Each structure stands twice: as structure tokens, then as C-alpha cells.
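**Student:** Any chance you could fold what I've pasted below:
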Amino acid sequence: MALQASRLRSPAPLQARRSTSRAPIDPAESDDPLQPLRTMAERVGKEVEKFAERVDLWHAHGNESAEAKYQTTVKMVGKFRDIAAATVNDLKKQSDYENQEALDRSVRRRVVHMAQAPKRNAEGDHGRSIQSLSQSTEPAASSEVTELRQWQTELATWELLRVVIEHHHPRPGRDVAAEKLAQRAKMEVFRYSPNHEIWERFLLEDDPAKEKAIVMRWLEQTARNSESDIQSITAQLEAESGKDTDTWTSGWLETKSKIKQEKRMRFLDRPIRPDEPSAQNLRNSDNTSLLVSQLDPDAASRQSRTLEKSDEYYERALWMVCYEMIRRGEPWEKIADWCKERSEAWRGVSIGAAYESHPDGGPNVSGSTVGFLFRRMCNFAAVGSERTYESAVYGLLGGESKVVEPVCRTWDDHLYARYNALILSRFDNYLQTAAILRVQQDLARKFVFHDAVAELGDWDRSSSLVVDQLKKQKATAKEASTPLKLIQGSLISRTMEALLYDVGTAILTILQRDERSTNLILSPDGDAANPRPLTIDDQEIPSVAQEFKHLATDTHGLRVLVHIFIVLWRGLGIYSDAPTPRWTLIANVVCAYIEFLRLTRRIQLIPLYAAQLDQERQVHCLARILPDITNAQEQKRFISLMDQYHLGSAQIILQNYSLVLRNTGLTDRNRQRIQRYDLLEPTTADQLLWPGKRIRQELSNLEVAPEEDALIDALQWYMHLGKEVKHHLVNVADSLRYFLLHGRLGAAIKLITDMSLETISLVKTETLCGYGVDITLPDAEIQNMREFHNSPRTGRASIVPSNIPSRDTHRDRIIELRHLSQTYYDLQQLVRTIELLQEWRKEEETLISAKADTLKPSTQRIKDIYDCIKVTIDSLLVSFLTQSANGKSFEGLPDTLPPNADAYVTRLFYERADFETLKKIYIPEILIAYLSVLQAASYFMTKDNSLKAMDLATVIADDSGEWMQKALMKSGRMSEFVDGIAHVSRAMLLLTEKSKDKKGSIGKTKRGSRGETARVWDLNVRN
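**Tutor:** As a prediction, the model looks like this:
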């Protein structure tokens, strides 16, 4: 693929990338609207190229059918996941110690909190998590660990996207409804159906419930991949207790010892009753509270007594491990075995781990009530327990989220607890339906449970409601607002379009101060014909939350969001990209990523991502990228990529030209234009070399302004489009016209130097005719096969021999090119004439200086310049600006513009007016300057040159010269021209008289009335 073949820059090494930190934006630099993106650009690595390679492969394959594209898209998501997984593995290897230390610190904090926490308050602890109860006082994680966490979260995000696609977006052609009907027919529930089939039937019939079950499995997998494993947790428990956890097989050892001692002292062979006097002697080591008098699991709560501190720690630790195992989705058999190994088999039984009737990933469905009564028992146990982790375990088993929240640390934990409660509540209600009826109404009334579904409200919107609640809940609000959690929440709640809209709006607000004409970000209510961002004074920008701005400027977040956009919009075709205000803001997300690629000089990746936009936005975006590419080879490569992705190179280049031209201000008809270009300066009466005027040595406006240089660069793009002829010729002609109307001679000279008609024709005919042809030369319309075979034909669009045009086609194409290029040719000849006149003047000074030094210089150069001037002047006299830039005739145009004139007539009308203005500005000046050349040439070369002034007057007086007469009259220069003719005539008489003197009496010359003589300008005579 194209992106694998070349790269504009090598990616930063992983170690260098890891060393960067997420520093906040410096407020001192806030005046730069692009500063947030610049800051983000400093934190990127090789993942940008890797993701682009996968998108490039996806873009090129699977286009033969919708199903093929679906499969290719799913495969691309898998590749994204693989990139993230590989990066996680690399980062783990490079920061293994720091990572393990960070995980251990987290576990230690939980263990300390677990050990030191007072007994649970059934009312006060609801909704309070470890996050809110114990704010971390440990130092912030290192940059290496921070980046590892980012990539672990991104890995989980790609895995989530995969399961979301699998559940919500089946492959094209798959009849999901029919499949469900078939499965339901095979899974008909009857009286003696196995309980696990009832659970499976429930998930089959209830899509939101199945979705939550899938998300819970994803949350369990994420916990296994990102959190400390069970061995690490038990190791930390051991370190905190000071005992080996493998010896924890004797139960409440310290409490048991105290009870045995009391029984020996009292000579009791029976259990000590809590109400007898001996029970009052059972106190803990601190002598602060009474110990339990019996060792059954319920003794502490039944007797309202405590255990020895070490035994209480042991009890809490066991429940903590059980919770962590359940949270990670460990198999029930593993949990039961873990309990048995510690002589706590009863604990496995009490949590249902010993039951075999657990569906895969499902709840306890034992008994005739399919686990309903077991869950009610767990509800009561959860509420009655004084230990947070014990309550959490029973809360997960019974579907009670309130008692689980105190041990929740992360957004994932809270989501897991809420989803668990919702799905179990929904299932217990399902068991009461008439079709199933495994729980009778009287039983349900007797064992009332907390219905999480009824409390939440709309079941169909339950996912969205839960995600919104987590954004508002104090314990999770901060994490829920982080970039990747916003993305995960949107995938889970199926609100990705809303997230993209909000981020697109945030991008608009971030870059609202960006007044560059090349800004890629658009406002939804901007002018479609002239799209541009809102300014700071505009009030139409909707308000947006800070977290969306954070996502828009986050390296991981923006990249992930853009590629999810590609998957859902382009790969699966889920959403429409119709040109609506909402779509404009959504597309801002991709455009911001393209802006980011531009800032990091990954220019060659931009066409790939622009191809994911709608056609109008593609053109808008890439037209504003082109000015950044000035190298000819890079331009060719960029056009090749645009063609590869079918982006419409010609339209993009045209809009780029239009944008740059508009920025120059040259098209503004209200802008002041020149009335005259001063090519001449007056001479004194004794300067007989010139007819009262001579050409200036230094002309004005020879500098090229940056915006004019940019316009010429924009036109250069057309040199890479062999078949794009008309727009190229029209636009160079228009640009040259605007330069001349404003007296920008330097820009005009640069334009015809960089893109002369001769050069343009050689490029275009290479494509159209098979070999380069200079159409300004005679007989260019005659096909020359020898030239074709000698042509290297290395251009990107050269004709292969089998497609070479016929002779007639060749002739027609050359004639058409000449017709289309006539206006540019005329303007080019005008500029060249001015250039040659200035060269003539400089050579005049060279000869005059040599004469003053009594030297006899060569006149060959001035003769060559004179010949060139004569040729260009002769071409101007034949025909000048007789048609529009696109080859249309001005005949039939009204003298005044009708109020209802269409765009075509309006353009022709103003173009004709501009041409008349150009004739008035430049033609009189050039004609008078030509008289100066003719008179000087008469002295420098031969007096016969003066006769050409008479020829010039004859041509202008002729009917064919009427346009020159009008130019002289409109400019008020006719009398000045006539005076110039008179001066040249007088000089001719003087030179003729001088010639006679040379033949009649050598050394004698007649002088004028004031003694002047032309002998001093005779280069063949020494002073």
C-alpha cells in the first residue's frame, strides 16, 4: 500500500516517547489558537503510522461487497487491538518494576483501608467508595506507568468496540430476528427445563440484558488484564498481617484461643452463652470490646460482639479476596477451591460457589425458584453484614449495588456493580412472568427485593442512564470525564454520535480564534460558498463541557475517537454523512486529527484520513493543506495519493487557488487599482538620444509579496495535472491580469518565469499528445513521431504508444490549446515587453558609460535585445486581449451590465472592462517607450530604425489599430505619442544630415540652433 511504501518522517522511538509528560497548556501561550494541538503533537509516537497503515489496508480491500467490507472492518478493529496489546507488552517489559510497584501501592492502600475501616454503617456507607473515603496521598505515577495505563485503557476500548460490533451490528445479510426465532423454538421452556436454559432463554429474549451481560464479561476481562492478580493481593495481605497466608487454615485462631482459655478456667465443656457471667470476661487484647463467645460464622453479628484484631483482619481479608475473584470473573470452581484450601469450605457454599448450576458467566440458578431465594438470602446477608467486603460479595450475588459501592475504586467497578444489579433484578422479574412462573406472586411478595430496574426507569435506555449517573456521581465523576472513559461510556450507551458532536463543537470553540484562511475547522452555520470558522465575536457557538475539550486535545483520545469514527461511519455505514449542521461538527473531529498530522509534518497520511470525509469536506480540507507543500516531488506524491483515494485532485487544486487568490485581495473590485504604470521618465533637451522620454532604470513594484508568492505556488499545482488544461490556463491568465491591474510587476514577472506558456504547453502536451510540444512555435500542430519516440515519457500521465492520438486529433488539440491560451499569451507578451524594455535601458547605460570612458564596446547584446523587443511589439500590434481567458468572445456583450445578468455574462463583462483598463494603463506607456528605443537604436545601430516609428504610426492610424487609438485617447496620451513621433523624426533628420556631412566634408557636422550635435552618440567616433 501507499502508506507502507514511504514515510515522510521516522517515528520517535518508544523510549523517547515515554519520556514526555502530559504537561498542561501554558496560559502564557494561550494567544496561539493552535497551542493545544501543538502540545498534543509533541507527545506522539510511531502508533500514528501504525494505525494509518491498518486504515490504508482497510481502505483498499473489501470494497467488492457490503459483507466483505464488514469483515475487513472487523479485522481492522482486531488489528487496532493488536497494536495496543503489543504496545502494552513493550511498556510492561520496559517498566516492569515501576508498574508492579504502582499496582502494589494501590493494593496496599486498599488493604490498609480495609483493615482500619470501622464496622460498616448500613445507612451511612451507601454510595461512598474507597475513592471518596480514602484519597490517595501517594506520589503520582511515573510517566512510564501513566502511559502504560493509557495503553491498557485503549486496549480495553478496542476490545469493547469489538464486542459492541459483534452484539449490535451483525454482518450484512444476516437475519438476526430469524435466528432468534429459531433459537427460541429450540429452547422452549417447560416445567422440567434445566434452570440454565431459563437463564439462556432470558438473555435471548431480552437484548438490553444480554448487552449488559456482555459488558460485564468485558469488565471482568479488563480487570484481569489491568489490575493486580490474586496472588499479588494475597501477598500484600500477608505483608500487612505479618503472617503467611498459607497458614490461614485455622479460622479465628486468636479468638478461639481466648475462648478455650476461658472454658478451661471455668471447667466448661459446652459453648459459652453470651448472657452468662463468664462471657463478660471474654475481651479483646486491647480490652476495648467484648469477644464473641462462640465460633460459628454468624456469632459476631448475632451477639453484637467482635473478634480479636488479627482474626478480624483475617476475616476481612478473606472476603476481600473473594470479592476480587468475583470481580475478575474467576470460575466458581476456582473460588470454591481457594476457600477449601484455607479450610473455609462453608464460605464457598454460602456464596454459591459450590453449586454446579451456574450458567457460563451467569448467576446461581439453583433450586425450584432458579436462584430467586438464594439471591434474597444474599440480599439479607449483604445488608446485615458489618464488613464492607462481605457486604460487597453478597451484594454482587444478590443484585444489591448500594452495598457494593463502598469497595468500588474505579469507574469500571461502579459500572459492574450497577449492571450486575440491573440484570439480576430484571431476571428475578422475568421469573415471575406467566410464561416462566418459577416464582409465585405470594413468594415474591414475601421476599421483596430492591428492584434496580424500577428505580432506574426506562429499561431500553438503561445503559445511557447508568453512564450518565456515573458522570454525576462524586466518586466516579472525575474518571468518567477522562477521554477514554468518555469513549467507552459512549460505546456502552450507544451515544457515539452525540460524543462526536460534542467533541466537534469543543474543537470549534478551541480554535475559534484561529483566523488563518487554512483553518480546517468549520462552523455549522457558516457560508457554504465561502466556509470559514467563527470568529471570537460570534455568539452562535454552543456551550460545551470541559471534558470534551480535554478529549479533543488528548493524544490517545483523539486518535482512538477518529478511528472509531472510521469503523462506525465508513466501515459499518451506521450513520449518515449527509451535509447537515450536525455532520459539519462531527467532521470537525477528523479535521482536527488532520490538523494534528499537519503540525507533526505527517503530510503523506492526510489524504487517507481526508478520504473518510464527505466529498465537500474533502475538498475544503485538502485545499487548505496544499499551501504547506512546496516541494515539487512532494506535490507529485501528494497528488498521487489523492488520486489513489479518489479525492478529486483538480477540484481540490482549484479551491486552493480560489482560496489563495481571495486572500490576496486582488479580486476585490473596491480595492484601489493603478491608473498608470510609470515606465518612463522625462529627459532634458540636450539629451538627444531619447525623444523627450526614456525608460526608467528602476521600475516600481518589482518585489513579490508573500500572498502573491502563495498564489503562484497554488498555480504550480496545475503543472502536475497533465490533463487539467482549461482551469490552468484560465487561472494563470486571471492571476496575471490581477497582478497587472494592481501594478504588481514583480509578481507578474515571477509568474511568467515560473510558468511560461511554453513550459505549460510542454507539460500538457506530454499527456495530450504523447510528447512535449511548444505550441507557440510554428508548425507545432504537425505531428512529429520522431519527437514522440525520443520523448522519455516519464510523466505520471504520459500516453502509452498504443494510445497516441491520430494526426488530426493532434492538430485539433494543439489548435484548441492555442485558442485557450491566447489571453495568457497576450498578457505574457505584455510583461515580457516591459522586461525587455528595462533590459534595453540598462544596456543603454552600459554603452553610455563605456563611451564616456573612451571605450568602443560591443553592441551585439543591445542588438539582440532590440530584436526581441521588435518581435514582442509586433505580436502586440497584431492582436491583443480580444477574447476572455476561457476563450469566449466579447462580441454581443452589452455596454452596461444588466441587473439580472447571470454569472457567465457578469464574468465576461468585468473581464472585458479589465482588459480595456489594462490597455489604457500599459499600451500607451509601451508605445512611447518603444519610440525611445527606436530613436536610441538609430544612434546605437542604424538610423533606419527611426523609420520604424513611422511604420508604428501607420499601424496605429489603420483601422486594425483602432484599439490602440482608443487606449491613447482614453489615457490622454495621444499628444504625448505624437510628440514622440515628432522627436524621432527630428532625430532621423539629424542623423541623415550627419551622414551627408560624413560623405561631403569629412569631420564637419552641422549643429543645431543651440549648437547641439548627434556626433557625440556616434559609437564609431572617438572623442
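
**Student:** Confirm that residue 842 sits in a helix.
**Tutor:** Yes. The assignment for residue 842 by DSSP: H, G, I helix; E, B strand; the rest coil puts it in a helix.

**Student:** need the contact list for the residue lying closest to it once chain neighbours are set aside.
**Tutor:** Nearest residue to residue 842, sequence neighbours excluded (C-beta to C-beta, 6 or more residues apart in numbering): residue 697, at 6.5 Å. From N, CA and C alone the C-beta is placed, and that goes for glycine too. Shown in contact with residue 697 (C-beta atoms under 8 Å, 6 or more residues apart in numbering): 838, 841, 842, 845.

**Student:** So what's the residue count around residue 519?
**Tutor:** 18 (other C-beta atoms under 10 Å).

**Student:** List phi and psi for it.
**Tutor:** Phi and psi for residue 519, reported as degrees, to the nearest 10, are phi -60, psi 130.

**Student:** From residue 629, how far off is it?
**Tutor:** 17 Å (C-beta to C-beta, to the nearest Å).

**Student:** try residue 161
**Tutor:** In terms of C-beta to C-beta, residue 161 sits 34 Å off from residue 629.

**Student:** Show me which of these two is the more surrounded one.
**Tutor:** A count of neighbours by other C-beta under 10 Å puts residue 161 above the other of residue 161 and residue 629, at 23 against 19.

**Student:** any idea which element the more buried one lies in?
**Tutor:** Taking DSSP states H and E as the criterion, residue 161 maps to helix 143-168.

**Student:** which parts of that helix are buried?
**Tutor:** Buried positions in helix 143-168, judged by neighbour count with 16 or more other C-beta atoms under 10 Å: 143-165.

**Student:** contacting residues around stretch 929-949?
**Tutor:** 679-680, 688-691, 693-695, 837, 840, 844, 847, 859, 862-863, 866, 869-870, 873, 952, 977, 980-981, 983-985, 987-988, 991-992, 995, 1014, 1017-1019.

**Student:** ok, and for the helix or strand hosting residue 865, which residues are buried?
**Tutor:** Take DSSP H and E as the rule and residue 865 turns out to sit in helix 860-878. Of all the residues in helix 860-878, those buried under the rule 16+ other C-beta under 10 Å are 862, 865, 866, 868, 869, 870, 872, 873, 875, 876, 877.

**Student:** pLDDT wise, what is the nearest residue to residue 863 once chain neighbours are set aside at?
**Tutor:** Spatial nearest neighbour of residue 863, chain neighbours left out: residue 941 (6.2 Å); criterion: C-beta to C-beta, 6+ apart. Residue 941 is assigned 87 on the pLDDT scale.

**Student:** How much space separates residue 941 from residue 861?
**Tutor:** 12 Å.

**Student:** need the next SSE after the helix holding residue 161, C-terminal direction.
**Tutor:** Where DSSP H and E defines the elements, the next helix or strand beyond helix 143-168 is helix 176-186.

**Student:** pLDDT of that next one, averaged?
**Tutor:** In this model, helix 176-186 has an average pLDDT of 81.

**Student:** Please name every helix or strand in contact with that helix.
**Tutor:** Packing partners of helix 176-186 (3 or more C-beta pairs under 8 Å, 6 or more residues apart in numbering; DSSP states H and E): helix 195-205.

**Student:** per-domain residue ranges of this structure.
**Tutor:** The chain resolves into domains spanning 253-306, 693-698+837-995 when parsed by the TED database.

**Student:** Make TSV from these and add distance to residue 483 to it.
**Tutor:** Formatted as TSV, the domains of the chain follow (distance: least, C-beta to C-beta, whole Å):
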stretch	distance to residue 483
domain 253-306	44
domain 693-698+837-995	47
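
**Student:** hey, which of these is tucked in deepest?
**Tutor:** Ranked by mean neighbour count, the domains of the chain are led by domain 693-698+837-995 with a mean of 17 (mean count of other C-beta atoms under 10 Å).

**Student:** Mind checking the pLDDT average for the helix or strand containing residue 986?
**Tutor:** Residue 986 is part of helix 974-1000, with elements assigned from DSSP H and E. For helix 974-1000, the mean per-residue pLDDT is 80.

**Student:** which strands and helices sit next to it?
**Tutor:** Using 3+ C-beta pairs under 8 Å, 6+ apart, helix 974-1000 is in contact with helix 903-940, helix 947-957, helix 962-971.

**Student:** Low-confidence ranges, the stretch 1-150 of the chain, go.
**Tutor:** Within the stretch 1-150 of the chain, the stretches with pLDDT under 70 are 1-44, 118-140.

**Student:** how does it look with 90?
**Tutor:** Low-confidence segments of the stretch 1-150 of the chain (pLDDT under 90): 1-47, 62, 94-147.
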